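Trainee: My questions are about this predicted structure, shown below with the sequence.
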Amino acid sequence: MSSRRRTPRTAKQTGRRRWTIEVLFKTLKSRFAFGKFGWKTKLGILRYLCLSLGCFLLCHFEYLDQIGSGQADSAWPDWGALARQVRMKYVSWVPLFELERTRERILAVWDENQRQAA
């Protein structure tokens, strides 16, 4: 509410800005479990907000990358699909790294058994 007079144009601009903020919080609540977060400590809240913002920015940058390469179909992104793509793009190497370490350990045991048998 305001005591200033507003033209329809300024009301429309204010509504757009407010809607952008509402969409951000809706996305944080639905896709990043912001609504289920337990508000325990200030540090916990700060960490969670930083992680949520980081996830949101990674997804947004992935969407911008899709727009640049012509892969984006709609004007409004599917945040769930973007989150899965970001996870596969940036975190999928972790299980591969663990598999490689396990393979090296198995081969080391295998080689040791071969040496002892010989």
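Mentor: In hand now; what should we look at?
Trainee: Can you tell me which helices and strands the lengthiest helix in the chain packs against?
Mentor: Determined from DSSP state H, the single longest helix within the chain is helix 42-69. If you count contacts as 3 or more C-beta pairs under 8 Å, 6 or more residues apart in numbering; DSSP states H and E, helix 42-69 packs onto helix 8-31, helix 79-90. Glycine gets a C-beta too; all of them are placed from N, C-alpha and C.
Trainee: Low-confidence stretches in the chain?
Mentor: Along the chain, segments meeting pLDDT under 70 span 1-2, 32-40, 74.
Trainee: Buried deepest among the helices and strands packed on helix 42-69, which one?
Mentor: Looking across these with neighbours counted as mean count of other C-beta atoms under 10 Å, the highest average goes to helix 79-90: a mean of 14.
Trainee: contacts for whichever helix or strand comes after that one?
Mentor: Using DSSP states H and E, the helix or strand that follows helix 79-90 towards the C-terminus is helix 93-117. The contact list for helix 93-117 (C-beta atoms under 8 Å, 6 or more residues apart in numbering) is empty.
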